[in-house]
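1. below: sequence and its predicted model.
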Amino acid sequence: MTFETIEYAVDGHTATLTLDRPEALNALSPHMITELRAAYAEAENDDEIWTLVVTANGRAFCTGADVKEIPGDGKVVNERPYLSTYDQWEAPQEGTPPFRSMTKPIIVAVNGICCGAGMDWVTTGDIVIASEKATFFDPHVSIGLVAGREAVRAARVLPRNVALRMALMGKHERISAQRAYELGMITEIVEHNLLLERAHEIADIVNSNAPLAVRGTRLAILKGLDLPLHEAEMLAESFRERVTRTEDALEGPRAFVEKRAPMWQCR
């Protein structure tokens, strides 16, 4: 697929999606959002893709919605007719990966400034790493807007008072990569020039595991977060039972006994 505002590349079982509007600090335009959704669908529907890496070109990861694309009345801009699609009835997702319905893991590599809707990748990604140059903040209240889903999601990832401080102080409160790591918002800080290399190393490690087991584990954790503990346990067990019926579930123990690397077929 060819895109204008993002790059999409495949290497083995990993697809890399790169935000590519560096001159606009990778701010999200309606066209960019459309291309992101197409790229997510491509990765999810390609049987050869097991893991998706998301990163960006330039000094910013993503600075949120492109304010130059927002009309004077503040309404959300859509490329399709208003309310003609289901996603327009939902809370605006902008660049957010379809993490609720996507089965494949998403590794996020934050290369620089990350704010507003850019935080959506941090709060919904499965494994998030960041360059030492990365910074995180939410500028909504500083430009007269309510910090909506971005702040709500941040409050599920960060301690309540930290999320409130970030949201209410707006552009005046910035979290460094080190502080983000200490708070558990990211899992690793990487030397800037090695960020993408490290993201692919992590993707390779994930891909060395049984892909269907990885997806079932991911879904069990994410969907279980919205359930009481016992119901979450039962849901996880149902996913485990489904995967035991696959060829890979037989291959794993067989390879262990034969002392060789497993040959996963993703079926």
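-> Happy to help now that I have it. Numbers count the residues shown, from 1 in each chain.
2. show me where the stretch 101-250 of the chain has strands.
-> For the stretch 101-250 of the chain, strands defined by DSSP state E, counting those that start in this stretch occupy the ranges 106-110, 113-115, 127-131, 135-137, 175-176, 188-190.
3. okay, those in TSV with mean neighbour count and distance to residue 219 next?
-> Any C-beta I mention is one placed from the backbone N, CA and C, and that applies to glycine too. Formatted as TSV, those follow (neighbours: other CB atoms under 10 Å; distance: least, CB to CB, whole Å):
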stretch	mean neighbour count	distance to residue 219
strand 106-110	27	13
strand 113-115	26	26
strand 127-131	24	15
strand 135-137	22	27
strand 175-176	19	29
strand 188-190	19	23
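4. got a markdown table for these, with distance to residue 49 too?
-> Below are these laid out as a markdown table (distance: least, CB to CB, whole Å):
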| stretch | distance to residue 49 |
| --- | --- |
| strand 106-110 | 11 |
| strand 113-115 | 24 |
| strand 127-131 | 16 |
| strand 135-137 | 28 |
| strand 175-176 | 32 |
| strand 188-190 | 23 |
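5. those strands: which one's closest to residue 221?
-> strand 127-131 (12.2 Å; CB to CB).
6. neighbouring strands for that closest one, and are they parallel or not?
-> Strand pairing for strand 127-131, determined by DSSP bridges: strand 106-110 (parallel), strand 188-190 (parallel).
7. surely residue 28 touches residue 66?
-> Yes: using CB atoms under 8 Å, residue 28 is in contact with residue 66, at 5.9 Å.
8. of the two, which one has the most company?
-> Neighbours per residue (other CB atoms under 10 Å) separate residue 28 from residue 66, with residue 28 holding more: 24 against 20.
9. could I get the strands paired with strand 127-131 as a markdown table with distance to residue 136?
-> Formatted as a markdown table, these follow (distance: least, CB to CB, whole Å):
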| stretch | distance to residue 136 |
| --- | --- |
| strand 106-110 | 8 |
| strand 188-190 | 12 |
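10. so which of these gets nearest residue 262?
-> strand 106-110 (21.4 Å).
11. gap between the closest one and the chain center?
-> Computed by CA atoms, centre = their mean, to the nearest Å, the chain-centroid distance of strand 106-110 equals 6 Å.
12. again with stretch 256-267
-> Centroid separation for stretch 256-267 versus its chain: 29 Å, with CA atoms, centre = their mean.
13. distance between the ends of it?
-> One end of stretch 256-267 to the other measures 18 Å (CA to CA, to the nearest Å).
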